[in-house]
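Participant: below are the sequence and a predicted model; questions follow.
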Amino acid sequence: MARETLERPRFRHVGRPVDRIDATAKVTGQTVYGDDLRLPRLLHVKLVHAPVAHARIRRIGASKALAVPGVEAVLTAADLPPHRTNPDARAQVLLASDEVLFYGQPVAAVLARDPYTAAYARDLVEVEYEELPAVVDPLEAMRDDAPLARTGAIRDADRSEEQGHITVEAQQEQAQSHPSNVSSSITFRRGDVEAGFAEADAVVEGTWRSSMVHQSYIEPHVIIADYDASGELSIWSSTQAPFHVRHEVARTLGLPEARVRVTATEVGGGFGGKIYLYEPLVAALAMAVRRPVKLTMSRREDMLAATPAPQAVVQLKAGMKADGTLVALQARVIYDAGAFPGAPVLPGCLLIGGSYKCPNLDIQGFEVLTNKVSVGALRAPGAPHVAFALESAMDMLAQRLELDPLEVRLKNAVEKGDPLPSGQPYPAIGLKECLEAIARTDIWRERRRIRQHPHRGVGLAVGGWLGGLQPASATVGLNADGTINVTVGAADITGTNTSFAQIAAEELNLPLEMVSVVTGDTRTAPYAGMSAGSKTTYTVGRAVKLAAEDARQQILAIASQRLEVPAEELEMQDGVVRARGQPEKQVTFRELGRLTTGFGARYAPIVGRGAITARRQAPGFTAQVAEVEVDPDTGQVTVLRYAVAQDVGFAINPKSVEGQMQGGAAQGLGIALFEEMVYDEKGRLLNPNLLDYRLPTARDVPPIEAIIVEVPSEEGPYGARIVGEPSIVPGPAAVANAVADAVGARVFEAPLTPERVLRALGKLRD
Amino acid sequence: MRPFAHFAPRSLDEALDIFRREGEGGRPLAGGTDLVVQLKEGGHKFPYPRYLVSLRRLPELRALGWHEEQGLRLGAGLTMAEVASNDWVRQRYPALADGAGLVGSRQTMNMATVGGNVCNAAPSADTAPPLLALEAQARIVGPQGERLLPLEEFWLGPGETVLRHGELLTEFLLPPPLPRSASLYRRHTPRQQMDIAVVGVAVAVALDDGGRTLKKVRIALGAVAPTPIRARRAEAALEGQAPSPEAIARAAAIAQEEARPISDVRGSAALRRHLVGVMTERLLREAIERARRG
Ligand SMILES: Cc1cc2nc3c(=O)[nH]c(=O)nc-3n(C[C@H](O)[C@H](O)[C@H](O)COP(=O)(O)OP(=O)(O)OC[C@H]3O[C@@H](n4cnc5c(N)ncnc54)[C@H](O)[C@@H]3O)c2cc1C
């Protein structure tokens, strides 16, 4: 692990690599996940998934399923308790009631005493469909004569998931007046793009396609809901966003949020795909049958009917002057949202025009509806798609002008103060520093020698993410024995609770072992936004720091009274408060714990409170380099070495930061080379399994060198900025650039399968 | 998955008795790595079984013996791990060791059997091309007694074999390899492991005594036809010839013509046909080189 740091004060805990607190339980299989939970009288639900992409439901016959011993109920949309439905929001269409909009959409729910009986009976539910024409391809769907993916225009799109990941101000236009599959569009213009192209010495253009991919968390969705006799609704969900689930479930089912308790169970991987989806449905089922209900999706069900990441088509034209100055970018960015709006058009447009300084921009983004499963977030949603186009074009321009691709990027890279396409200026960012770090890697320095091999090459790409913003809060309490409890409301999906322990231990100058962090449920924990948009440490970390500082002040105030020494003259170390220069004047945390919790205690308990609102983003950029070998006869691409440099502001736990960088890069390689959900012309998913949907295996991913770059953010704790998402972004572009470097063929479609590489090489005849 | 009965007999006779007694609707269960997945997810070509008969305790399916004249006896119930690590197989039938050593992960290899791989009758089965190229015969035992069949005649189509109800594949017989011979199996998959062959090619070659001409050539192809197939015209074009690069390229081109691939989610017909040429040529060269070295 390498680290590029500007300047660094000495810290005791933050900035030092520590193992995740929960690591041992996880690797020994002891961690309790949602599916491990049991409740008395629990019913298991299996959903009936539509076997057609677009249809009208004529009739649902449940008698055969109900006859199976152990089946308690078969419910359709008509049987659910009254609730708010919004035909434009996926999670608020609990079950399809009339029109089926995608292959795999749930149309009925079978509840039984065990999941096997439920699955068996599910196959006996008889549904009559009247098939309607399905639109599958987003470009086809945009044509004027295309069949409509749904009846009725979009009025009330749900963009909360996107906003959780990226919070920026920009106006998205809702659907137009005449019926169309384009559900929203957005335009950014700056300067005069035609004049820019006229001024350019090289202009390149192309159409880049990215496939629909799945988050492929190890643990499919698991939700349990229980509505008790007193009207309290409890939900256990492997969600990244417990407070968001509470809000949405309460709103949908018409319950006060105070009566809804959401517990985020250990998340077995989310990557943006576990915000909220089936919680309102499972809660409605539990309310309907007045018994606890559990939904554990199988891999197949999850691949059919969760929320994967969109397919995209990016048409890009870019112009550059002979000296490497980028002068014009024109892009049409099309995201296929699937059957409900919610595609990441906004971030895609901001990033394609906001990664380099460019005086002339013309960027149009479209969100298109098709009869495929609706999409959700996946780590930097929308960003890899545009980086694939932009970063390929940068290499093509550099090649045409015989310039060094790294120098060209350095020359144009955005810096503090440069505007996004929306006009909003960047705060301090570290894109240039990342490029400089990559320039020093072995792969980059050895590229001329590597290229002498006839089939090897090196490719570079950059990418970034702006990050989400939500308020956060935390409490820090002193226990009777002097240990410390930190309580937060954020689901720990990346090791954030370990970082929070480091922060609290730092502020209170304690050994790490004296601090314990817990994620409470929504009835007990202080509010936090969703663990998405790379913002958990950036926002909740700040709240923890404030709460620890608050607890520290409370402790010092009591100690000052006890020791009769002014608080400013006290120091705190390893659970002891003493007067500076008077070591005999001291009081321990243990004594203070008793003084604030015991029978007839003199002082009120110590509860540090931290609450913040985050209004300023701390975008994260990364530069990555790949060395590949291409078999020119089979089209197989092997990644031999890979390096990632990422600006994280300040690495509170370098170990987990490095893990995020490597994990995201590995996912980037997966979408670069293997991952693709394949639909047929009728909109049926052909590979709903992990055999034919290929994730990279350990042997497909080389060792990934992680170089931590630290350009402090303006607001984050100790200068930390967003970390989780950027690392996935450059993968497809870096690999495509390396393949072009190796064998001279440019591939415009990800994943770069052997077939696509062979076609680019002109070696396949039909 | 639906309810079914499960029997675990301890001998071949007992197993055959169960099929006779219970009647139609039964299915043999070996490692279960195909069958159990199919019962859970669908995709089986036969009606949902009423009962399963486990083959795991049948000693008769675990034969493993080498004889100078008769060759190798290989029980259908041996696991991929056992086959891939067996010295006779590795030294005398390396193509089979290659194929068995590719199946899934360690865990898969510890459960999956060669018999199950062949009886599941996937065109992509990784031990099928090696067994074809090595001219394996299959011993089938059933209510009507026993028969020995060249493996090529065993498959009828995807998921379909000549086996009738109550019949079991008990073992394979592989003739001893000729002197100065070599065999190889390779598959093309996008991933390095845990993948299904887009194309699989096995070759077995033997040189004449002087090492100048090819005495025998066997080429078998997987995943490019409804069943694993031999590329007989390509074989014939090479046998008796000097192994020149031109002759090898010509044979590979003929093998391409013999392939009858389809397009599916794993690859287009064009890709498969292309790969048959590339891989056949590469494998023939490598096998001839190995046969030369002895
Ligand atoms: C994760 C995973 C990875 C895999 N990877 C590969 C791979 O790389 N290459 C590959 O080729 N396959 C692969 N497979 C498929 C499977 O593992 C193999 O085909 C395996 O050899 C099947 O053997 P089995 O003993 O498990 O058969 P089973 O599943 O028990 O049986 C398969 C079929 O054959 C019948 N049968 C079994 N034995 C006999 C017998 N002796 N007589 C008559 N009928 C019989 C059964 O009734 C059933 O229809 C994979 C499977 C999994 C789950």
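Facilitator: That came in fine, so what should we check first? Keep in mind that this is a model prediction, so the values were computed, not measured. Residues are numbered from 1 along each chain as shown, chains lettered A, B, ... in the order given.

Participant: where does residue B:226 land in three-state SS?
Facilitator: Following DSSP: H, G, I helix; E, B strand; the rest coil, the label given to residue B:226 is coil.

Participant: OK, contacts around the residue lying closest to it once chain neighbours are set aside?
Facilitator: Distance criterion C-beta to C-beta, 6 or more residues apart in numbering or on different chains; nearest residue to residue B:226, sequence neighbours excluded, is residue B:157 at 4.7 Å. C-beta: built from backbone N, CA, C; applies to glycine. Each residue near residue B:157 by C-beta atoms under 8 Å, 6 or more residues apart in numbering or on different chains is listed here: B:121, B:226-227.

Participant: and residue B:157, what are its bridge partners?
Facilitator: Going by DSSP bridges, residue B:157 is paired in beta bridges with residue B:160.

Participant: pLDDT at it, what is it?
Facilitator: Among the per-residue scores, residue B:157 shows a pLDDT of 97.

Participant: go through the contacts of residue B:157 and name the one nearest residue A:406.
Facilitator: Residue A:406 lies nearest to residue B:226 out of the contacts of residue B:157, by C-beta to C-beta, at 51.7 Å.

Participant: and that closest one, how far is that from residue A:230?
Facilitator: Residue B:226 is 63 Å from residue A:230, where distance means C-beta to C-beta, to the nearest Å.

Participant: just residue A:743 next, same as before
Facilitator: In terms of C-beta to C-beta, residue A:743 sits 68 Å off from residue A:230.

Participant: so for the two, which sits in the more crowded spot?
Facilitator: Neighbours were counted for residue A:743 and for residue A:230 using other C-beta atoms under 10 Å in any protein chain shown; residue A:743 has more, 22 against 6.

Participant: measure residue A:353 to residue A:423 for me?
Facilitator: According to C-beta to C-beta, residue A:353 and residue A:423 sit 11 Å apart.

Participant: how about the nearest residue to the most centrally placed residue in chain B, chain neighbours excluded?
Facilitator: By C-alpha atoms, centre = their mean, chain B has its centre lying nearest to residue B:128, at 1.7 Å. Nearest residue to residue B:128, sequence neighbours excluded (C-beta to C-beta, 6+ apart): residue B:228, at 3.8 Å.

Participant: which residues does that neighbour contact?
Facilitator: By C-beta under 8 Å, 6+ apart, the contact list for residue B:228 reads B:123, B:125, B:128-129, B:132, B:155, B:200, B:220-222.

Participant: which positions in the lowest-mean-pLDDT helix or strand in chain B come out as buried?
Facilitator: In chain B, the helix or strand scored least confidently by mean pLDDT, DSSP states H and E is helix B:35-41, which has a mean of 92. Neighbour counts over helix B:35-41 (16 or more other C-beta atoms under 10 Å in any protein chain shown) mark B:35, B:38-39 as buried.

Participant: make sure residue A:541 is indeed in a helix.
Facilitator: Yes. Secondary structure of residue A:541 (three-state DSSP): part of a helix.

Participant: excluding sequence neighbours, find me the nearest residue to it.
Facilitator: That would be residue A:717: by C-beta to C-beta, 6+ apart, it lies 4.2 Å from residue A:541.

Participant: doesn't residue A:448 fall inside a helix?
Facilitator: Yes. The assignment for residue A:448 by three-state DSSP puts it in a helix.

Participant: that one: how many residues sit nearby?
Facilitator: Neighbour count for residue A:448, taken as other C-beta under 10 Å: 8.

Participant: distance of it from residue B:21?
Facilitator: Taking C-beta to C-beta, one finds residue A:448 at 75 Å from residue B:21.

Participant: ok, residue A:88 to chain B distance?
Facilitator: Separation of residue A:88 from chain B (C-beta to the nearest C-beta, to the nearest Å): 32 Å.

Participant: I figured that residue was touching residue A:150, is that so?
Facilitator: No. Using C-beta atoms under 8 Å, residue A:88 is not in contact with residue A:150, being 9.2 Å away.

Participant: quick one on the thing from earlier: what's the closest of the contacts of residue B:157 to residue A:735?
Facilitator: Of these, the one sitting nearest to residue A:735 (C-beta to C-beta) turns out to be residue B:226, at 35.4 Å.

Participant: so what does the closest one look like in phi/psi?
Facilitator: The phi/psi pair for residue B:226 (degrees, to the nearest 10) reads phi -60, psi -20.

Participant: contacts only, for it.
Facilitator: Applying C-beta under 8 Å, 6+ apart, we find residue B:226 in contact with B:123, B:157-158, B:260.

Participant: and of these, the nearest to residue B:269?
Facilitator: Using C-beta to C-beta, the shortest approach to residue B:269 within the contacts of residue B:226 belongs to residue B:260, at 8.7 Å.

Participant: ok, now how distant is residue A:681 from chain B?
Facilitator: Going from residue A:681 to chain B by C-beta to the nearest C-beta gives 13 Å.

Participant: what do you get for residue A:656?
Facilitator: Plainly put, residue A:656 is 27 Å away from chain B if you go by C-beta to the nearest C-beta.

Participant: ok, now residue A:24?
Facilitator: Taking C-beta to the nearest C-beta as the measure, residue A:24 falls 24 Å from chain B.

Participant: what about the helix or strand hosting that residue, distance to the chain center?
Facilitator: Here residue A:24 sits within helix A:23-27, counting by DSSP states H and E. With C-alpha atoms, centre = their mean, to the nearest Å as the basis, helix A:23-27 stands 23 Å off its chain's centre.

Participant: contact residues of chain A facing the ligand?
Facilitator: Within chain A, no position is adjacent to the ligand by C-beta under 6 Å from any ligand atom.

Participant: okay, now the domains of chain A?
Facilitator: A:34-132+A:221-296, A:470-612 (automatic domain parsing).

Participant: of all of the stretch 601-750 of chain A, which residue lies closest to the ligand?
Facilitator: Residue of the stretch 601-750 of chain A nearest the ligand, by C-beta to the nearest ligand atom: residue A:691 (6.9 Å).

Participant: count of neighbours near that residue?
Facilitator: Around residue A:691 there are 12 residues (other C-beta under 10 Å).

Participant: can you show me the helices along the stretch 401-550 of chain A?
Facilitator: Per DSSP state H, counting those that start in this stretch, the stretch 401-550 of chain A carries helices over the ranges A:405-412, A:431-439, A:442-445, A:447-452, A:496-508, A:541-563.

Participant: follow the chain on from the last one and name the next helix or strand.
Facilitator: In the C-terminal direction, the helix or strand that comes right after helix A:541-563 (DSSP H and E) is strand A:570-573.

Participant: quick one: contacts of that next one?
Facilitator: Residues from elsewhere that reach strand A:570-573 (C-beta under 8 Å, 6+ apart): A:508-509, A:552, A:555-556, A:559-560, A:563, A:577-580.

Participant: just want the phi and psi numbers for residue A:224.
Facilitator: Dihedral angles (degrees, to the nearest 10) for residue A:224: phi -120, psi 140.

Participant: circling back to that earlier point, which other helices and strands contact the next helix or strand after the helix holding residue A:24?
Facilitator: Downstream of helix A:23-27, the next assigned helix or strand under DSSP H and E is strand A:43-49. Packing contacts for strand A:43-49, counted by 3 or more C-beta pairs under 8 Å, 6 or more residues apart in numbering or on different chains; DSSP states H and E, involve strand A:106-112, helix A:115-122, helix A:279-289, strand A:293-296, helix A:299-305.
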